[in-house]
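Visitor: Provided below for reference: sequence and predicted model.
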Amino acid sequence: MSLGLLPPKDVDRPVGALSVGQRRRVGLALLLGDPPDVLLLDEPTNHISLTLAEELSDALDDAPGAVVVASHDRWLRRRWDGEHLALD
């Protein structure tokens, strides 16, 4: 796959047989393909490559609805251009 979502050998595997990281990447691809009005993401950059994390961050910048992200990923938090609400 050109975006690095799955290696060619795994493209025809059932989703339940994929690794946690692969399932997360497939789920993100589905969400980005048909964006919801509100997107809630909990640690969205876990188990994905840096390239895919960058693509996700770019896609979130253009999300048509509200995006709520909970993350310990300092890179993602620094890159975020939306409003911030930090909870202690």
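Guide: Everything's here; your move. Numbering: from 1, shown residues only.
Visitor: so in this protein, where's the weakest helix or strand by average pLDDT?
Guide: Sorting the helices and strands of the chain by mean pLDDT, DSSP states H and E puts helix 20-33 at the bottom, at a mean of 81.
Visitor: which helices and strands sit right next to that one?
Guide: helix 50-61 (3 or more C-beta pairs under 8 Å, 6 or more residues apart in numbering; DSSP states H and E). Any C-beta I mention is one placed from the backbone N, CA and C, and that applies to glycine too.
Visitor: at 10 Å what do you get?
Guide: Applying 3 or more C-beta pairs under 10 Å, 6 or more residues apart in numbering; DSSP states H and E, we find helix 20-33 packed against strand 38-42, helix 50-61.
Visitor: show me where pLDDT drops low in this structure?
Guide: Along the chain, segments meeting pLDDT under 70 span 1-4, 88.
Visitor: for residue 59, which non-adjacent residue is closest in space?
Guide: In this structure, residue 59 finds its nearest non-sequential neighbour in residue 32, 5.1 Å apart by C-beta to C-beta, 6 or more residues apart in numbering.
Visitor: how many neighbours does the one you found have?
Guide: 15 (other C-beta atoms under 10 Å).
Visitor: how near is it to residue 80?
Guide: Note on residue 32: its distance to residue 80, by C-beta to C-beta, to the nearest Å, is 17 Å.
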